[in-house]
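[1] The sequence and its predicted three-dimensional model are supplied below.
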Number of protein chains: 2
Amino acid sequence: MEIERKFLVAEDPDLSAAEPVAVEQGYVTQPGDTVSVRLRRKGDKLLLTVKSGQGLVREEYEAPIERAAFDTLWPATEGRRVEKTRWTSTLPGGETFEYDVFEGAHAPLKLVEVEFGNRVAAEAFTPPGWFGREVTGARAYSNEVLALEGLPGDDIA
Amino acid sequence: MEIERKFLVAEDPDLSAAEPVAVEQGYVTQPGDTVSVRLRRKGDKLLLTVKSGQGLVREEYEAPIERAAFDTLWPATEGRRVEKTRWTSTLPGGETFEYDVFEGAHAPLKLVEVEFGNRVAAEAFTPPGWFGREVTGARAYSNEVLALEGLPGDDIA
């Protein structure tokens, strides 16, 4: 089970120790469907992911697929895609963060996510100064909703 | 574009010239979703298929996937599967038919489908005597609805 908190970004962080990877992902499904089916290219890796359920009891099935299969299925995500650069690094407290810089139609959106081992750690977390407003669980900031509906109307910094 | 007519089966046909293949398919999505995402094992072939749209403007994306990916994703179809033996052969008029004998929870359902090159040929078709009631377009006899809801309550012969 994933326990994550997600934030907007107030200031660009120090990324000198971070690793960037280009991520392109598209959704075959739409947000109202019973499952989410996603194609993702992350660097050289091509993945197909199915997420079912909602809230705390989400199940996830993820498999690498070959280039030919990816290329055949990718057109089925037309109009429901995001492109971003993901920078992964560590906060001073030891937590791993993923900092996503969106491109194309979603620029200049930036989001940062921190994953926790349990709920207590998630609740005890104090965001660093460069984090902006918390958007954990906010529908408009899920990648699937961003892909379909574009940037939310509210202030994204 | 596929133009097909689908029928129940009144009498077992002569299958001496037909080729059987075991088919197992499961749906990741449910019938109300915006797309249909299906995993299918047909003999040795493993396929992932996405169908979008409705009625006449359906689009289909189909890709072979590897055994490991199939095995990872197959559990996501739990509770939404059908198993059948498909016999493919030719009618006296030259049309190809696919005769599906369902197994497991869907036995003793049998369906036969004939595909046509155009609408005129489809409308001109006279079903042979072994064909039963026509169920073209009947929601209850789509494989996806059968997989989720099981056998329809009506007379299936």
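    Arrived safely.

[2] State the number of residues packed around the residue lying closest to A:Phe116 once chain neighbours are set aside.
    Spatial nearest neighbour of A:Phe116, excluding adjacent residues (C-beta to C-beta, 6 or more residues apart in numbering or on different chains): A:Ala122 at 4.0 Å. Where C-beta positions appear, they are placed from N, C-alpha and C, glycine not excepted. Other residues near A:Ala122 number 16, with proximity taken as other C-beta atoms under 10 Å in any protein chain shown.

[3] Can you read off the backbone torsions of A:Ala122?
    In this entry, A:Ala122 is assigned phi and psi values of phi -60, psi -40 (degrees, to the nearest 10).

[4] Could you do A:Lys51 as well?
    Here A:Lys51 shows phi and psi, under degrees, to the nearest 10, equal to phi -120, psi 130.

[5] number of nearby residues for it?
    When counting by other C-beta under 10 Å, one arrives at 17 neighbours for A:Lys51.

[6] Quick one: the strands in chain A, in order.
    A:3-9, A:19-27, A:35-42, A:45-52, A:59-64, A:81-90, A:96-102, A:110-116, A:131-134 (DSSP state E).

[7] Let me have these in TSV, extended by distance to B:Gly79 and mean pLDDT.
    Rendered in TSV, the data for these read as follows (distance: least, C-beta to C-beta, whole Å; pLDDT from 0 to 100):
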stretch	distance to B:Gly79	mean pLDDT
strand A:3-9	27	94
strand A:19-27	23	96
strand A:35-42	12	97
strand A:45-52	11	95
strand A:59-64	13	94
strand A:81-90	30	96
strand A:96-102	33	97
strand A:110-116	30	95
strand A:131-134	36	96
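
[8] Which positions in chain A make contact with chain B?
    Chain A has residues A:28-30, A:32-35, A:37, A:48, A:50, A:52, A:59, A:61-66, A:68-70, A:72-73, A:75-76 near chain B, with proximity defined as C-beta under 8 Å from any C-beta of the partner chain.

[9] Show the buried residues in those.
    Among the residues of chain A next to chain B, those scoring as buried are A:28-30, A:33, A:35, A:37, A:48, A:50, A:52, A:61, A:63, A:65, A:69-70, A:72-73, A:76 (criterion: 16 or more other C-beta atoms under 10 Å in any protein chain shown).

[10] still on that earlier bit, which one of the strands of chain A lies nearest to B:Glu4?
    When the strands of chain A are compared by C-beta to C-beta, strand A:35-42 sits nearest B:Glu4, at 25.3 Å.

[11] So which elements touch that closest one?
    Under the contact definition 3 or more C-beta pairs under 8 Å, 6 or more residues apart in numbering or on different chains; DSSP states H and E, strand A:35-42 sits against strand A:19-27, strand A:45-52, helix A:67-73, strand B:35-42.

[12] and the longest one, what does it pack onto?
    It stands for strand A:19-27. Against strand A:19-27 (3+ C-beta pairs under 8 Å, 6+ apart) you get strand A:35-42, strand A:81-90, helix A:143-149.
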